[in-house]
Every structure is written in C-alpha cells, then in structure tokens.
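J.: fold the following and give me the result.
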Amino acid sequence: MLRKNIQTVLGLIPNEKLRFCHSHEHLFIAPGPSARVNPALRIDDLEKTMEELRMYKELGGQSVVDAQPVGCGRMAENLAVSSRKTGVHIIASTGFHKMVFYPEEHWVKKMDEDKLADIFIHELQKGMFTDGDYKRPEKAVPSKAGIIKTASDIEGITPEYAKLFKAAARASKSTGFPILSHTEMGTHALEQIELFAKEGVNPDRVIICHLDRDLSDTGYHRAVAETGVFMEYDTIGRFKYHSDMDEAKFILEMVEAGFENKILLGLDTTRERLLSYGGRIGLGYIKEKFIPLLLELGISQGVIEKFMIKNPSIALAKRSETI
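T.: Residues are numbered from 1 along each chain as shown. Just a heads-up that it's a prediction; the model follows:
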C-alpha cells in the first residue's frame, strides 16, 4: 500500500501521485493589500484559473504548489474547487509573506510566536482559514495546507521577521510539513537556513525560493546547496532579470557541481504571467519552452525528471507518521 505523504487541498496523496510538479506558483490572490502594492497580484477569477490549470494538465502537468499564505489574499475555497474540477493536485500554503503585504494593524504583525504557530498548525492539521485577511482568522474549511510559507525582505531577518520564522519552524517540527521560504532577490538565504537549523528544522525540510533572481555568484548558490536545503529556481521567463538561456546554463553549472537532487522549478506566476488572464507566459511555459532549452544544453531527460517529479516528491512530503 502506498504511503500518503503529500497533503493537497483535497487530501493526502502518495508521493508517487505527485508526478510533474511546479514548486512555486500563485493561482489565486484576492483583491486587497497585495494588489495595492502591485496590481499583478490580483488573481481572483475562478474560471480563468481553472482554464489555466486545464491547459497545464493537457501538457502533462499534474501538480502545483500555491505559495499564497493565510491572511494574505489566499483563496482557500477556490483552490479546492479548482483542484476538484481540473484534476490538478494543489498544495496550499500556510505561514506568512513579506510585511509590505499586510496593513499595520494586521494580526500577523501583532500576534506572539505561540499564537502564530497555533494558527499555522491548525491549517496543516484541521483546515485552512478563509477570513484572515483583515482580522484574526476564525472560520475554517476542511481543506488543509501542505506547506509553510516564510519570507524575509531585503533587510534580512529583522526582529519582526524572526518571531514569524520561529513560529513557522515550530509548526514544521510539530507537524512534519516542509517550509517554502521566500528570499528577496535571492538574499539572506544562508541567514534563513541558520535560523531554521537553530530552531531544530532539518535543512532538507526547507525549500529556498527565488535564488535565481541573481545568477552572478555561483559560489553563493553552491554554499546554499551544500547546507542540504532544496533550491527553487523560479525566475524562468522573467526577462527583466536574465534570459532563459542564462538560466538554463546556470542550472547546468549546478548539475555539473553535483546538485541535481536539490533543484526544483517553478514560474512564480502573477496575473501578468498567466495566459488565461491575458498574460505572456502561462503554466505550460516550463514544459513547452524551458525544458527544450535544458535538453539542448545536454541536461538529460532523467535529470529533468528529478527537477519536476522526483525532487518535489521528496521536498513536499510530510515526514512524521501521523497528522
């Protein structure tokens, strides 16, 4: 009997059922503070998102990690409906985002570490809250989160962020679920990893996001990889940072350095990047455009399957025996 280790919005699935997986996307973001910061951070049309997911599935996509956390515009009910209707596995996030996405009086900024951890644990074990954008969350649905989002800004882990990171670490240790950690332009990854380690979180329970915003320092990426965390490369198709060929060549360097078992891929989608919303990229982009570049550079199909199938199935799995 297959052991069910990955928690989707429709329930636990065996690792083997995850298959082709984007490890960092944004499928829904409700109107609110995030969209006021950046209008591209409004993704709130159920039918359009389902259209995008159906296109993704037709190309062979089976699973997506949605990286929008509780209290920050996450639309938990829409995630469950869209997964049920399209057949795409969706792993939802609890946790927190950058402070710029919350009003000053938001509960994320006011709660102590223990209460924050309790909310994250509730979302992983009992169900996600649907009413936390403007007040302390109270109303929950049966659908559960399967990963814990964390984030720091360009200043790194300030005292305000440290409280949140420690709460996330406590939730991870208590439940066995992994952490998905935003870095601003790839910075402060080692600082994040050090804090998690001090809090007792094993490095292989951590996915570091957005490292590839900056490809100028291979040594930095290697230092991050050598800690044992998973590295998520999600700046694919973001040409204001670099070309896809530069991204592909950099990934080849990391493969040649021996880190093929630690690489995950995603698109970090916004409204401007989803075809169904009139955007330019679409969830099919990795499959249709980027993987051919990797193959052209000599990265084997087997290694690419690690990025998209094997590595996510390990990184996203719950490690403890029970929920």
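J.: okay, now residue 87: neighbour count?
T.: Neighbourhood size, residue 87 [other C-beta atoms under 10 Å]: 12. Yep, even glycine has a C-beta here, placed from its N, CA and C like the rest.
J.: check contacts around it.
T.: Applying C-beta atoms under 8 Å, 6 or more residues apart in numbering, we find residue 87 in contact with residue 57.
J.: cool, residue 222 as well?
T.: 254, 257, 259.
J.: pLDDT of the helix or strand hosting it, averaged?
T.: In the assignment (DSSP states H and E), residue 222 maps to helix 218-226. Taken as a whole, helix 218-226 has a mean pLDDT of 97.
J.: ok, residue 112 - contacts?
T.: residue 163.
J.: those helices in the stretch 151-300 of the chain, which residues are they?
T.: 159-175, 189-198, 218-226, 244-256, 285, 291-296 (DSSP state H, counting those that start in this stretch).
J.: reformat the ones you listed as CSV; add distance to residue 40.
T.: Shown next, in CSV, are the helices of the stretch 151-300 of the chain (distance: least, C-beta to C-beta, whole Å):
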stretch, distance to residue 40
helix 159-175, 24
helix 189-198, 24
helix 218-226, 27
helix 244-256, 20
helix 285, 16
helix 291-296, 25
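J.: who wins for proximity to residue 36 among those helices?
T.: helix 159-175 (20.3 Å; C-beta to C-beta).
J.: tell me what angle that closest one forms with helix 189-198.
T.: Calculated by axes from the mean of the first three to the mean of the last three C-alpha atoms, to 10 degrees, helix 159-175 forms an angle of 50 degrees with helix 189-198.
J.: hmm, back to that, now tabulate the contacts of residue 222 in a markdown table and tack on distance to residue 17.
T.: Listed next are the contacts of residue 222 as a markdown table, based on distance: C-beta to C-beta, whole Å:
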| residue | distance to residue 17 |
| --- | --- |
| 254 | 28 |
| 257 | 31 |
| 259 | 26 |
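J.: and the residues you listed, which is closest to residue 140?
T.: Nearest member of the contacts of residue 222 to residue 140, counting by C-beta to C-beta, is residue 259, at 38.6 Å.
J.: contacting residues for the closest one?
T.: Taking C-beta under 8 Å, 6+ apart, one finds 222, 225, 231 in contact with residue 259.
J.: check contacts around the last one.
T.: The contact partners of residue 231, taken as C-beta under 8 Å, 6+ apart, are 207, 208, 211, 221, 224, 225, 254, 259, 262, 263, 264.
J.: ok, now how distant is it from residue 273?
T.: Separation of residue 231 from residue 273 (C-beta to C-beta, to the nearest Å): 21 Å.
J.: again, but for the second one
T.: Residue 225 sits 26 Å away from residue 273, going by C-beta to C-beta.
J.: can you report how many residues lie near residue 105?
T.: Neighbours around residue 105, by other C-beta under 10 Å: 9.
J.: neighbours of the closest residue to residue 288 other than its chain neighbours, how many?
T.: Leaving aside its sequence neighbours, residue 288 sits nearest to residue 59 (C-beta to C-beta, 6 or more residues apart in numbering; 6.6 Å). When neighbours are defined as other C-beta under 10 Å, residue 59 has 15 of them.
J.: give the contact list for residue 59.
T.: Taking C-beta under 8 Å, 6+ apart, one finds 284, 287, 288 in contact with residue 59.
J.: one more: residue 215?
T.: 242, 246, 247, 250.
J.: and with 10 Å instead?
T.: By C-beta atoms under 10 Å, 6 or more residues apart in numbering, the contact list for residue 215 reads 186, 221, 233, 235, 241, 242, 246, 247, 249, 250, 251, 253.
J.: what of residue 229?
T.: For residue 229, the contact set (C-beta under 10 Å, 6+ apart) comprises 179, 181, 189-190, 192-193, 196-197, 201-208, 211, 262, 315.
J.: let's go with 6 Å and repeat that
T.: By C-beta atoms under 6 Å, 6 or more residues apart in numbering, the contact list for residue 229 reads 193, 203, 206, 208.
J.: which pair in those residues spans the largest distance?
T.: 203 and 208 (9.6 Å).
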